[in-house]
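Novice: Starting from these lines, generate the structure:
(chains A and B)
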Protein chains: 2
Amino acid sequence: MSFQGERGAYSEEAATMFFGPNVISTPRRTFKEVFRSVEEKSVDYGIVPAENSLEGSINQTYDLLLETSLRIRGEAKVRVRHCLLVVPGTSIEELRVVYSHPQALAQCAGFLQKLGLETIPTYDTAGSAKMLAEKRLKAGAIASERAAEIYGLTVLQKGIEDYPENFTRFFVLGRTGVPPTGKDRTSIVFATTHTPGSLHSALGELASRQINLTKIESRPIRGTPWEYNFFVDFEGHQYDTKVSEAIGALRKSTAMLKILGSYPRAD
Amino acid sequence: MSFQGERGAYSEEAATMFFGPNVISTPRRTFKEVFRSVEEKSVDYGIVPAENSLEGSINQTYDLLLETSLRIRGEAKVRVRHCLLVVPGTSIEELRVVYSHPQALAQCAGFLQKLGLETIPTYDTAGSAKMLAEKRLKAGAIASERAAEIYGLTVLQKGIEDYPENFTRFFVLGRTGVPPTGKDRTSIVFATTHTPGSLHSALGELASRQINLTKIESRPIRGTPWEYNFFVDFEGHQYDTKVSEAIGALRKSTAMLKILGSYPRAD
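Specialist: Numbering: from 1, shown residues only, chains lettered A, B, ... in the order given. Just a heads-up that it's a prediction; the model follows:
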């Protein structure tokens, strides 16, 4: 299976959590390459972050889900525990700058401000740890404890995020769906018609069938400013009678609908 | 009034569009500082981006709106036309790397890939232009044409964004509300109760009164993973009878509700 980032990324941790410690995972540079690697059958599965409990949805993942033929086959929720990493021998007093992904920098903003550290955004948490190790910089990186092990860095401080309730939810992608387990979630995306109340009546197809909506995310439709696609998660499997009825009704009342997948809930 | 970024930022353009060419605008380093400058009465107004028609909502703005006592007093929609800027004398063949804000880099991904340029994320479009000019780097920056003028850079190419329908909507913030004009929009944020169908019934308070919902955005509630606040925009002013009735009903049926402001629509 493939994940985005460098070894030691939180995505790799999610892969291990979902597939077990012996999974063979190959890092890819971008989310797009993760999607493509599964579409082109280089690997069977891919894993991408969907949302973080502090920072919200990963927009790029949602935009790629709209276009792909892949299915969401599962989800994994990873506790994000950021660490301040340095090249061995660097003390906290020597630090002036810290490298990491903008979301990680944002999640540790309070900690970084207290230390008066300048932040430099990078593409990747584990990638910033790798870069630090390779260039032997007198700087910090924010990444996982596992990244410290992999790249031989020292953990100056653990759990530096401002809010401890920091989780990232990942989607496992594959080329086929999975059968119902009785404790599933379904993800769909739809566009409403241009009539007032159209989102309300679309959600009514779920509410009237007592289907529990667990997430709604709007993303702009490219090329038509101020119109949106709605990514909706709800409990149940697309093969459950009431879910399949709701989706049937939604197909009739929306301008576009695509099922992204039904998969076991990770609660 | 204050805006985030360096001189030549798209936010400054929005300020000029809203307040006219003679507005005195002062740049601030962060969105938080823009909010604070108005709250502390250093300035009367602030301007912050709310959403981009390609990349979606500016999460930080929404998270700050939740906490502030400020009101949204207006909106401005700016056409974003990105330019590739260099220090005079640099040719396109010499370029290896391009600096800009991650959203601007994402919006020009196709153009940059064709040229095989490496991208380096920065905090700010205009800031990357300023940095280029100060350090006389043989590199590119993606920013506005106005940033090129201000920092004495050459525009190598104009309109390099992948999608031409690229607009950013800005909020004008102040300490007081504005009266109805007959063509207004209202922004609110609410949290639903923990009952199935609660979002559907909340939106029903608008739909049943023929109030046209123009945007819904969900943001995670910090500290309680997988629960969300909903930021909703709809047509009408909070002093209009049917809007005020809808808000009254919503106050009763939601766990939290805050009016962010009613303001003239920019269409």
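Novice: quick one: the lengthiest helix in chain A near chain B?
Specialist: In chain A, assigned by DSSP state H, the helix with the most residues is helix A:241-253. No: Helix A:241-253 lies out of reach of chain B by CB under 8 Å from any CB of the partner chain, never closer than 12.0 Å. (Each C-beta comes from the backbone N, C-alpha and C, glycine too.)
Novice: quick one, strands of the stretch 151-267 of chain A?
Specialist: A:154-158, A:167-174, A:184-191, A:213-220, A:228-235, A:256-264 (DSSP state E, counting those that start in this stretch).
Novice: quick one on the thing from earlier: show me which positions of the longest helix of chain A end up buried.
Specialist: A:243, A:246-247, A:249-250, A:253 (16 or more other CB atoms under 10 Å in any protein chain shown).
Novice: could you dump these to TSV with pLDDT and distance to B:F170?
Specialist: Listed next are the buried residues of helix A:241-253 as TSV, based on pLDDT from 0 to 100; distance: CB to CB, whole Å:
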residue	pLDDT	distance to B:F170
A:V243	98	40
A:A246	98	38
A:I247	98	38
A:A249	97	38
A:L250	97	34
A:S253	92	34
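Novice: Among those, which one sits closest to chain B?
Specialist: Lowest distance from chain B to the buried residues of helix A:241-253 (CB to the nearest CB) belongs to A:A246, with 12.0 Å.
Novice: and the lowest-mean-pLDDT helix or strand in chain A, what does it pack onto?
Specialist: Each helix and strand of chain A was given a mean pLDDT (mean pLDDT, DSSP states H and E); the minimum falls on helix A:102-107 at a mean of 88. Helix A:102-107 sits against strand A:118-121, strand A:140-143, with contacts defined as 3 or more CB pairs under 8 Å, 6 or more residues apart in numbering or on different chains; DSSP states H and E.
Novice: After it, which helix or strand is next? Please name it.
Specialist: Heading C-terminal from helix A:102-107, the first helix or strand you meet, by DSSP states H and E, is helix A:109-115.
Novice: can that next one be found next to chain B?
Specialist: No: judged by CB under 8 Å from any CB, helix A:109-115 and chain B are separated, with a smallest distance of 9.4 Å.
Novice: by contact count, what packs against that helix?
Specialist: Counting contacts by 3+ CB pairs under 8 Å, 6+ apart, helix A:109-115 packs against no other helix or strand.
Novice: ok so, going back, could the buried residues of helix A:241-253 go into CSV alongside distance to A:T168?
Specialist: Shown next, in CSV, are the buried residues of helix A:241-253 (distance: CB to CB, whole Å):
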residue, distance to A:T168
A:V243, 26
A:A246, 28
A:I247, 28
A:A249, 33
A:L250, 29
A:S253, 33
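Novice: before we move on, the earlier item: what's the closest of the helices and strands packed on helix A:102-107 to A:A266?
Specialist: Taking CB to CB, strand A:140-143 is the member of the helices and strands packed on helix A:102-107 nearest to A:A266, at 23.3 Å.
Novice: Which residue lies nearest the spatial centre of chain A?
Specialist: A:P49 (1.4 Å; CA atoms, centre = their mean).
Novice: Now do the same contact list for the residue nearest to it when sequence neighbours are not counted.
Specialist: Counting by CB to CB, 6 or more residues apart in numbering or on different chains, A:I58 is the residue found nearest to A:P49 once chain neighbours are left out, at 4.7 Å. Neighbouring residues of A:I58 by CB atoms under 8 Å, 6 or more residues apart in numbering or on different chains: A:31, A:48-52.
Novice: The residue nearest to the centre of chain A belongs to a helix?
Specialist: No: counting by DSSP: H, G, I helix; E, B strand; the rest coil, A:P49 falls outside a helix, being strand.
Novice: Would you mind listing the residues in contact with it?
Specialist: Taking CB under 8 Å, 6+ apart, we find A:P49 in contact with A:10-11, A:14, A:58, A:61, A:168-171.
Novice: If we use 10 Å, what do you get?
Specialist: By CB atoms under 10 Å, 6 or more residues apart in numbering or on different chains, the contact list for A:P49 reads A:3-5, A:9-11, A:14, A:31, A:57-58, A:60-61, A:76, A:78, A:80, A:103, A:168-171.
Novice: With A:E93 instead?
Specialist: A:L115.
Novice: Quickly note the distance from it to B:A249.
Specialist: 57 Å (CB to CB, to the nearest Å).
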